[in-house]
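Visitor: model this:
(2 chains)
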Protein chains: 2
Amino acid sequence: MSESLKRLEQQFHRIAQLDHASTFLGWDQMVMMPEAGMAPRATAMAELASMRHELLTATAMDDWLADAEDKLSSGSLDVGKASHVREMRRTWQQAIALPADLVHAQVMAGSRCEHGWRTQRAENDWNGFLANFKEVVALSRVEAQARQAQAPERFDTAYDAMLDLHCTGDSQALIGGIFAELKQVLPDLLQQVVEHQSSHTAKDLTGEYPLTDQQALSEKLMAMLGFDFTAGRLDVSMHPFSTGVQGDQRITTRYRLSDFADALQATAHETGHASYEAGLPNALQAFPIGRSRNMCIHESQSLMFEKQIFLSRAFGKALIGSLHEHLPGTRAFSSDDIWVAQTRVKPSFIRVEADEVTYPLHVMMRYDIESALINGEIEADVIPDVWESSLQQYLGLSTNGDHAIGCLQDIHWTDGAFGYFPSYTMGAVNAAQLSAALKQQHPDWQARFEVGDIDFVRDWLAENIWQHGRELESQQLIEKATGLGSHATALVNHLRTRYLDEKD
Amino acid sequence: MSESLKRLEQQFHRIAQLDHASTFLGWDQMVMMPEAGMAPRATAMAELASMRHELLTATAMDDWLADAEDKLSSGSLDVGKASHVREMRRTWQQAIALPADLVHAQVMAGSRCEHGWRTQRAENDWNGFLANFKEVVALSRVEAQARQAQAPERFDTAYDAMLDLHCTGDSQALIGGIFAELKQVLPDLLQQVVEHQSSHTAKDLTGEYPLTDQQALSEKLMAMLGFDFTAGRLDVSMHPFSTGVQGDQRITTRYRLSDFADALQATAHETGHASYEAGLPNALQAFPIGRSRNMCIHESQSLMFEKQIFLSRAFGKALIGSLHEHLPGTRAFSSDDIWVAQTRVKPSFIRVEADEVTYPLHVMMRYDIESALINGEIEADVIPDVWESSLQQYLGLSTNGDHAIGCLQDIHWTDGAFGYFPSYTMGAVNAAQLSAALKQQHPDWQARFEVGDIDFVRDWLAENIWQHGRELESQQLIEKATGLGSHATALVNHLRTRYLDEKD
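Guide: The predicted structure follows:
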């Protein structure tokens, strides 16, 4: 191994250990930490982040990277290391892109905006929010331009450079194309589904489901989905999430007394995220090449588990025995009753509560706004108007000026996390595509799902997605697994099949 | 502030944030972590320890310390900073004392010995243990001599230099003197107590006490003892412990179905440790001066809460209502029944299960052996014989060659933690002394304890111990609080009063 590569690996190994610390301190903060722990925890997390940044942007890094790249070009470093070096370069580049004073200004503006948002949302105070938010947008534009200027060959638009942080490798051209197609189809499809479902009513599943019983059921579901409890935990937090390292995946869910389906769905979703992480190449976990590809792929894994497996009619049959056992209050419902209730489609205001058919429309509204904002095509002032007209067009709804259920509902923009929203729907797109390819190769999938056998899905995902880490670019990965890069058709087919033909 | 002091503080601030990470990763490991998390956690912890060591032993540190010390001598740095600088110097000195190859050899020998011990203890394999342990002793002697050579003005014996790591500031001369006095008194006192107690039987408290009820009761006890649940948690681990930072104190206990007293006692003990930590000077928490004085003081705080408060006859009266409420199975017992049963004294083999009267004898047996070992006065081979004769002399017992209940029972020596054992009994000595001083100043203590008012104890400890951090040396601290340095009399008086006069 070349000396420069060795040095790079040592540096990234150390960075990975700081990340390990931040990962579990972050988990602890959301799941365990008492209130007064916040101040010392924030200080510690900030210091770990500084140390990480110092290591990642150490003066010698650029030289080591350049030396490794030279050796690759000259053939004195094995070509198999090319993607390893490429991903270290990319990680370094993202870290080095911004001047410290910009980062500082962004942290200040972001936390001011987020802090204000928490009350402004409740008070429907768009103007109050806007005052802070304009600064966030201005700084994010500077950020996007700086990132774009750093690698103009990779970024056609400023927004591309923001997408790179979350949807790494998936450009605005690609995502915009897929979303344009979905916009053509989904509003009509939605109308058809609503009409179709209006012919039969769904049973009301609400009841009283003791939380400890729900927890036992969630653990049972995780076990059915292949989660290894010797290498992970399930806990409770306000918002479900997944984090951890290989050997120690932590997922969370939350339980609502009246609604058992909510926790199960979140559990299945987070189990998908955790399964991807657990399946990444173990030997490479300290290096960027061994990490998850991007959020469009990550979300595809959670949606494979949530929408493609858990929400399928077939898997519902496998789960119903455990459901009846752990929650006797559900014994009046058949698996089909539950499936019908859980697949009800209805246009609504809140993204995080949206069903599978309307969810992409919520995402695309945000995508349209944030891409135009970052590319300087619109100003923040017009957001409420754009929101209202999109909401009308896509979902046939109006907030009537209640921004709490409109453009003030999400936290993402408050601290400048532009480029994240599209990953939700790109995840759904990729999941549908992966699922279609998998089902083609396993025509007996339905019979297997019905008896709770999903090992073949895990094996297939491990082989096609998990084990690759960042070896391939996002679109190469999807193409290798499904024969084509990401496209809208599979998602549309999936939604038609499930919600119109009910042949799911 | 001088530039060198500023640099020192920055460096120690960063070290404290790494310590924050190690603290909560350590807690997580004992309380939350799944089995397969061990390997990545160990890697991360080792890397954080390396980073800490690098920061603490950075080349410039000695210069900064020397500069600060010069400025103190010349009066250009305020004399109020003297102890601040002294404690940074001490921390640095302890870190810099050992060559890296010695530390490495110790880690290897220690983990081999500890690993082997886990089976050798079960198999009563003293010779197998000895083979590994000789290496640990040899390396610890090298360590002790290196530490002594570094500061010969502070360490009269090699063992003094090991004591410095745990009983910082309390020398072998001091501890040995106190222990000699206790050895004179305790064996006879023990005989008297056993005889005295033989005249009346204690009720058998064993029963079936549901763990969730015990947990609620432990939390109630903590609240009575002044624990702030907005700034800490109670959890379960195999061995009770206390850790955390200011604002976030984490203590653990463990519950036995048949025995409610065991968890309560551990909870009271750990609440004492946590209260000390929470009461340290908040503004100084990143620096050595703001940390706990030493383990002899730390243990005195846990024993204040466990033995002086919780185990007092008076506090038992305050607790009995909650006990009856949470554990209906105890309603047949009065608070005096419970006190009588909990204060039974009986010579036994296992230190961690020993009562208050015999515990110091267990510690002194170990102190005699380890001090002689480290000072090169005996070799490890003779440990079983020395053990047997001390056991006979102090407790009137014989292991009959069963080392699992003899010299193989403790983990401490396996990885070379010599100098720790005496802190247990120095803690009891200090606690008795503090308690006597407190009671003298608050003659109404008994009436207050009986109604569960212990705020005045917390206030007194905060003022006399907690708020001082490391401002004073250990003996100065005890003398300031009680009028005398640590001495044996108060503990002997306490034991006589509680176990012979029953006037507790």
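Visitor: Geometrically speaking, which residue is the centre of chain A?
Guide: By CA atoms, centre = their mean, chain A has its centre lying nearest to A:E299, at 4.0 Å.
Visitor: which residues touch it?
Guide: For A:E299, the contact set (CB atoms under 8 Å, 6 or more residues apart in numbering or on different chains) comprises A:423-424, A:426-428, A:430-431. From N, CA and C alone the C-beta is placed, and that goes for glycine too.
Visitor: What subset of the residues you listed is buried?
Guide: Of the members of the contacts of A:E299, the ones counted as buried by neighbours, 16 or more other CB atoms under 10 Å in any protein chain shown, are A:423-424, A:426-428, A:430-431.
Visitor: In helices, which of the residues you listed appear?
Guide: Counted as lying in helices by DSSP state H, out of those, are A:423-424, A:426-428, A:430-431.
Visitor: Where does pLDDT dip in chain A?
Guide: With pLDDT under 70 as the threshold, chain A has low-confidence stretches at A:1.
Visitor: Which parts of it are strands?
Guide: In order along the chain, chain A carries the following strands (DSSP state E): A:232-236, A:242-245, A:248-253.
Visitor: Strand partners (parallel or antiparallel) of the first one?
Guide: Taking DSSP bridges as the criterion, strand A:232-236 pairs within the sheet with strand A:248-253 (parallel).
Visitor: any residues touching the strand it pairs with, and which ones?
Guide: Here strand A:248-253 has contacts from A:24, A:27, A:30-31, A:218, A:222, A:227, A:231-237, A:239-244, A:263, A:266-267, A:270-271, A:273-274, A:277-278, B:33-34, B:36-37, B:40-41, using CB under 8 Å, 6+ apart.
Visitor: Point out the residues in chain A that sit beside chain B.
Guide: Contact residues (CB under 8 Å from any CB of the partner chain) of chain A with chain B: A:13-14, A:17-18, A:20-21, A:24-25, A:28, A:32-41, A:43-44, A:47-48, A:51, A:228-233, A:245-248, A:285.
Visitor: closest point of the stretch 151-300 of chain A to chain B, which residue?
Guide: The minimum distance from the stretch 151-300 of chain A to chain B, using CB to the nearest CB, falls at A:D248 (3.3 Å).
Visitor: Name whatever forms a beta bridge with that residue.
Guide: In this structure, A:D248 bridges to A:V245 when assessed by DSSP bridges.
Visitor: do the same with the one 4 residues further on
Guide: Counting by DSSP bridges, A:T252 is bridged to A:D235.
Visitor: same question, the one 4 residues further on
Guide: For A:R256, the beta-bridge partners under DSSP bridges are A:D259.
Visitor: That one reaches A:Q265, doesn't it?
Guide: No: if you go by CB atoms under 8 Å, A:R256 and A:Q265 don't touch, sitting 11.2 Å apart.
Visitor: Could you check which of these two has the larger neighbour count?
Guide: Neighbours around A:R256 and A:Q265, counted as other CB atoms under 10 Å in any protein chain shown, are more numerous at A:Q265. The numbers are 19 against 13.
Visitor: If you tally nearby residues, what's the number for the residue nearest to the more buried one when sequence neighbours are not counted?
Guide: With sequence-adjacent residues excluded and distances taken as CB to CB, 6 or more residues apart in numbering or on different chains, A:Q265 is closest to A:E306, at 6.0 Å. Using other CB under 10 Å as the criterion, A:E306 is surrounded by 25 other residues.
Visitor: How about A:A447?
Guide: Close neighbours of A:A447, defined as other CB under 10 Å, add up to 11.
Visitor: what does A:T91 give?
Guide: When neighbours are counted by other CB under 10 Å, A:T91 registers 19.
Visitor: list the contacts for it?
Guide: For A:T91, counting by CB under 8 Å, 6+ apart, the contacting residues are A:56, A:288.
Visitor: Any figure for the gap between it and A:Q308?
Guide: Summarising the geometry, the distance separating A:T91 from A:Q308, computed by CB to CB, to the nearest Å, is 31 Å.
Visitor: go on, A:I405?
Guide: From A:I405 over to A:Q308 (counting by CB to CB), the distance is 29 Å.
Visitor: same deal with A:A314?
Guide: Here the criterion is CB to CB. By it, A:A314 lies 11 Å from A:Q308.
Visitor: Between those two, which has more neighbouring residues?
Guide: When neighbours are counted by other CB under 10 Å, A:A314 and A:Q308 differ, and A:Q308 comes out ahead with 27 against 18.
Visitor: what's near enough to touch the more buried one?
Guide: Neighbour list for A:Q308: A:431-432, A:434-435, A:494 [criterion: CB under 8 Å, 6+ apart].
Visitor: can you do 6 Å?
Guide: Taking CB atoms under 6 Å, 6 or more residues apart in numbering or on different chains, we find A:Q308 in contact with A:431, A:435.
Visitor: what's the answer for A:T243, then?
Guide: Per CB under 6 Å, 6+ apart, neighbours of A:T243: A:23, A:27, A:250.
Visitor: Let's see that with 7 Å instead.
Guide: For A:T243, the set of contacting residues under the criterion of CB atoms under 7 Å, 6 or more residues apart in numbering or on different chains consists of A:23, A:26-27, A:250.
Visitor: Can you get me a residue count around the nearest residue to A:H20 once chain neighbours are set aside?
Guide: Leaving out its chain neighbours, the residue that sits closest to A:H20 by CB to CB, 6+ apart is B:A44, at 3.9 Å. Other residues near B:A44 come to 23 when the count uses other CB under 10 Å.
Visitor: just checking, B:A44 touches A:D19?
Guide: No: with contacts counted by CB atoms under 7 Å, B:A44 stays clear of A:D19, the gap being 8.8 Å.
Visitor: which residues of the stretch 51-200 of chain A fall in helices?
Guide: A:59-73, A:82-96, A:100-122, A:126-150, A:158-166, A:172-197 (DSSP state H, counting those that start in this stretch).
Visitor: quick revisit: could you say which of the strands of chain A is packed most deeply?
Guide: strand A:248-253 (a mean of 27; mean count of other CB atoms under 10 Å in any protein chain shown).
Visitor: thinking again about what came up before, for the residue nearest to A:H20, list the residues it contacts.
Guide: Applying CB under 7 Å, 6+ apart, one finds that B:A44 lies in contact with A:17, A:20-21, B:25.
Visitor: go again using 10 Å as the cut-off
Guide: With contacts taken as CB atoms under 10 Å, 6 or more residues apart in numbering or on different chains, B:A44 has the following neighbours: A:16-21, A:23-24, A:245, B:21-22, B:25, B:37.
Visitor: Same check on A:V357?
Guide: A:V357 makes contact with A:186, A:189-190, A:192-194, A:343-347, A:495-496, A:498-499 under the criterion CB under 10 Å, 6+ apart.
Visitor: what about the longest helix in chain A?
Guide: Chain A, longest helix under DSSP H: helix A:3-31.
Visitor: Now find how far off-centre that one is within its chain.
Guide: In this view, helix A:3-31 has its centroid 21 Å away from the chain centroid, taken as CA atoms, centre = their mean, to the nearest Å.
Visitor: Equivalent analysis for stretch A:464-480, please.
Guide: Relative to its chain's centre, stretch A:464-480 lies at 16 Å (CA atoms, centre = their mean).
Visitor: again with stretch A:362-382
Guide: A distance of 20 Å separates the centroid of the chain from that of stretch A:362-382, by CA atoms, centre = their mean.
Visitor: cool, and stretch A:431-440?
Guide: Its chain's C-alpha centre and that of stretch A:431-440 lie 19 Å apart, by CA atoms, centre = their mean.
Visitor: which of the residues in it are buried?
Guide: If you call a residue buried by 16+ other CB under 10 Å, then stretch A:431-440 has these buried ones: A:431-438.
Visitor: Stretch A:165-185 too?
Guide: A:165-172, A:174-176, A:178-179, A:181-183, A:185.
Visitor: ok, now stretch A:280-294?
Guide: Judged by neighbour count using 16+ other CB under 10 Å, the buried positions of stretch A:280-294 are A:280-281, A:284-294.
Visitor: Give me the distance between the two termini of it.
Guide: Criterion CA to CA, to the nearest Å; first-to-last residue distance in stretch A:280-294 is 13 Å.
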